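Novice: Quick check, what structure comes out for this input:
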Amino acid sequence: MKVIFVHGWSVTNTDTYGELPLALSRQAPHLDIQVEHLYLAKYVSFSDEVTVKDLARGMEAAVQAQVIPALAEGERFACITHSTGGPVVRAWIQHFYADRLDQCPLGSLVMLAPANHGSALAQLGKTKLARMKFFLGGVEPGVGVLNWLELGSEQSWRLNTDWIANDLLGAGIYTFVLTGQSIDRSFYDNLNSYTGEAGSDGVVRVAAANMNYGLLRLEQQGGKFKPPKKCLSPITALRVLPGLSHSGKDMGIMASVRADAPHPTVDATIKCLSVTNARQYRACVKDFEQLTAQTQEQEREKTSKSLFLFDRTFVVNRYFMLVIRIRDDDSNMLNDYDVLFTAGPHYDENHLPKGFFVDRQRNSKSPGILTYYMNYDVMAPWFEKREVEDKFGFKICARPDEGFAHYTLAEHKGQYSKLSQYFRPNQTVMIDVILKRQVMEGVFRLTQNLAPESFKNQAKGSAIE
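Specialist: Numbers count the residues shown, from 1 in each chain. Okay, here's the model as predicted:
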């Protein structure tokens with residue numbers, strides 16, 4: 001078996017792969033992973049001008065030049081990625097093989113802690129402080145890649161919406177996501193709460209790594225939305241591994257691997273690489289679901305040392321993300337708006353459970369895309385109570401809300417139970433909202449009065465249909 005390893009953002013040395021390549025070659029003899037068949041990627045993510053699409057093009061050139069000539073007839077290679085490497089390889093598949101997946105030379109894609117829906121840390125990585133840090137290290141921060149990684153980026157939105165149409169299983173391409181949800185306190189930054197965020201590995205949220213996600217499209221009609229158009233991504237095997245964080249030699253999902261020692265990452269990766277047909281893949285999906293549930297239940301209650309040197313137990317719940325893109329029917333991205341979630345008999349924004357909301361981040365390049373991080377284990381039980389009558393919705397108040405061209409309040413009144421297949425623990429829901437741009441007939445009038453006439457205070461009239 002020929003295996004390519006693809007690293008994450010800001011890496012400048014192949015030592016980042018640690019002992020994982022050697023561990024796989026030693027601990028999985030049945031896979032016949034020979035050291036001479038291993039390829040270590042050395043892609044440049046630290047130059048500001050390089051984008052993820054540039055890296056996809058570079059990967060295609062490298063695969064064509066070095067890997068494909070070494071493949072036997074009908075053979076496919078496997079790819080193991082870490083962090084940003086996952087989106088890079090997915091972008092390569094989408095850009096070069098989306099319309100001919102059966103000809104893709106990759107057969108198995110194992111993504112370790114991939115930032116498939118971005119990372120909350122990416123926005124912070126572009127600050128002046130981060131730039132100074134990277135200049136001191138002799139490299140740039142890699143703004144082109146960080147722009148993709150920022151939560152709610154247009155680039156990640158496009159890749160994830162296009163990805164839904166791929167029949168990977170039918171093409172014999174088996175994709176897996178392995179991630180952790182533990183925090184290595186030696187990497188914890190007291191000034192940046194994202195490095196200790198529950199439901200994440202200190203860099204990437206489980207919900208942002210997971211490739212099981214939904215897409216809802218809502219189009220405004222009057223003061224309401226039409227019934228949403230819904231679709232789900234292809235089912236992808238997800239495994240939350242116990243006690244692992246994003247990086248570090250002690251807890252890192254890749255860096256903590258030792259060549260001759262048992263390790264959750266090695267065991268799970270071997271299982272992934274052993275899948276050779278659709279039946280085995282579906283069995284792996286179910287197995288990983290059960291193991292993930294066990295891990296998250298076991299890690300639900302953790303004990304940590306506080307600043308005052310006594311033990312403190314805290315609950316680690318399961319979370320989900322909502323990525324909302326707001327634009328109008330002329331494809332204008334909106335920048336000035338409020339999103340209000342509602343629930344209960346009267347769809348009241350004050351009727352949601354305490355603690356359901358965890359975080360909100362607006363994309364800096366595309367302010368019309370907003371990412372919400374929510375506590376599933378607070379939300380789901382709340383809607384099982386009869387007094388809220390299973391009602392859940394949201395209001396969007398966009399501006400300008402008056403004038404010759406403006407927007408009116410748009411409200412979605414739905415049922416939580418009907419969204420249950422989308423609002424799932426560890427998952428992301430992408431919501432594409434299209435508002436009606438109200439243009440008033442007074443914006444353009446004709447007159448047959450040839451005498452000079454001011455129209456500075458022209459009446460707006462009614463909206464143009």
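Novice: CA only for contacts and neighbour counts going forward, please
Specialist: OK.
Novice: in the stretch 301-450 of the chain, which segments are predicted with low confidence?
Specialist: Within the stretch 301-450 of the chain, the stretches falling below the threshold (pLDDT under 70) are 302-315, 386-388.
Novice: which residues touch the residue nearest to Ser256 when sequence neighbours are not counted?
Specialist: Residue nearest to Ser256 in three dimensions, not counting chain neighbours: Lys249, with 4.3 Å by C-alpha to C-alpha, 6 or more residues apart in numbering. The neighbourhood of Lys249, defined by C-alpha atoms under 8 Å, 6 or more residues apart in numbering, consists of Ala255, Ser256, Val257.
Novice: Just the residues contacting stretch 319-339, thanks.
Specialist: In this structure, residues lying in contact with stretch 319-339 by C-alpha under 8 Å, 6+ apart are 152, 199, 207-208, 366-377, 394-400, 423-437.
Novice: With stretch 186-203 instead?
Specialist: With C-alpha under 8 Å, 6+ apart as the criterion, stretch 186-203 contacts 113, 119-121, 179-185, 205-207, 244-246, 248, 316-319.
Novice: Which ones among the residues you listed lie within strands?
Specialist: Under the assignment DSSP state E, the contacts of stretch 186-203 contribute Thr179, Gly180, Tyr319 to strands.
Novice: could the residues you listed go into JSON lines alongside neighbour count and distance to Pro381?
Specialist: Conversion of the ones in strands among the contacts of stretch 186-203 to JSON lines gives the following (neighbours: other C-alpha atoms under 10 Å; distance: C-alpha to C-alpha, whole Å):
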{"residue": "Thr179", "neighbour count": "30", "distance to Pro381": "26"}
{"residue": "Gly180", "neighbour count": "30", "distance to Pro381": "25"}
{"residue": "Tyr319", "neighbour count": "27", "distance to Pro381": "13"}
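Novice: wouldn't Arg26 be in contact with Asp260 here?
Specialist: Yes: Arg26 is within contact range of Asp260, at 7.4 Å (criterion: C-alpha atoms under 8 Å).
Novice: Please report the number of neighbouring residues for Gln296.
Specialist: For Gln296, the number of neighbouring residues by other C-alpha atoms under 10 Å comes to 19.
Novice: I should have written Leu446 there, sorry.
Specialist: 6.
Novice: Now do the domain split for this protein, please.
Specialist: The chain breaks down by automatic domain parsing into domains covering 3-305, 319-439.
Novice: Which of those domains has the lowest mean pLDDT?
Specialist: Ranked by mean pLDDT, those end with domain 3-305 at the bottom, a mean of 87.
Novice: Highest neighbour count among the contacts of Lys249?
Specialist: Using other C-alpha under 10 Å as the neighbour definition, these reach their maximum at Val257, which records 25 neighbours.
Novice: quick one: it from Asn147, how far?
Specialist: Using C-alpha to C-alpha, to the nearest Å, Val257 is found at 30 Å from Asn147.
Novice: residues contacting Val52?
Specialist: Applying C-alpha under 8 Å, 6+ apart, we find Val52 in contact with Pro87, Val88, Ala91, Gly144, Val145, Trp148.
Novice: chain center to the strand or helix carrying Ile326: distance?
Specialist: Mapping Ile326 onto the secondary structure by DSSP states H and E places it in strand 319-328. The gap between the average C-alpha position of strand 319-328 and the chain average comes to 11 Å, counting by C-alpha atoms, centre = their mean, to the nearest Å.
Novice: Would you mind identifying the next helix or strand past it?
Specialist: Once the chain leaves strand 319-328, the following helix or strand, as judged by DSSP H and E, is strand 337-343.
Novice: could you point out which element follows that following strand?
Specialist: Beyond strand 337-343 on the C-terminal side, the first helix or strand identified by DSSP H and E is strand 357-362.
Novice: Do a quick rundown of the strands in the stretch 151-300 of the chain.
Specialist: 174-180, 213-221, 224-225, 229-232, 237-241 (DSSP state E, counting those that start in this stretch).
Novice: what angle sits between the strand holding Ile326 and strand 337-343?
Specialist: In this structure, strand 319-328 runs at an angle of 130 degrees to strand 337-343, with axes from the mean of the first three to the mean of the last three C-alpha atoms, to 10 degrees as the basis.
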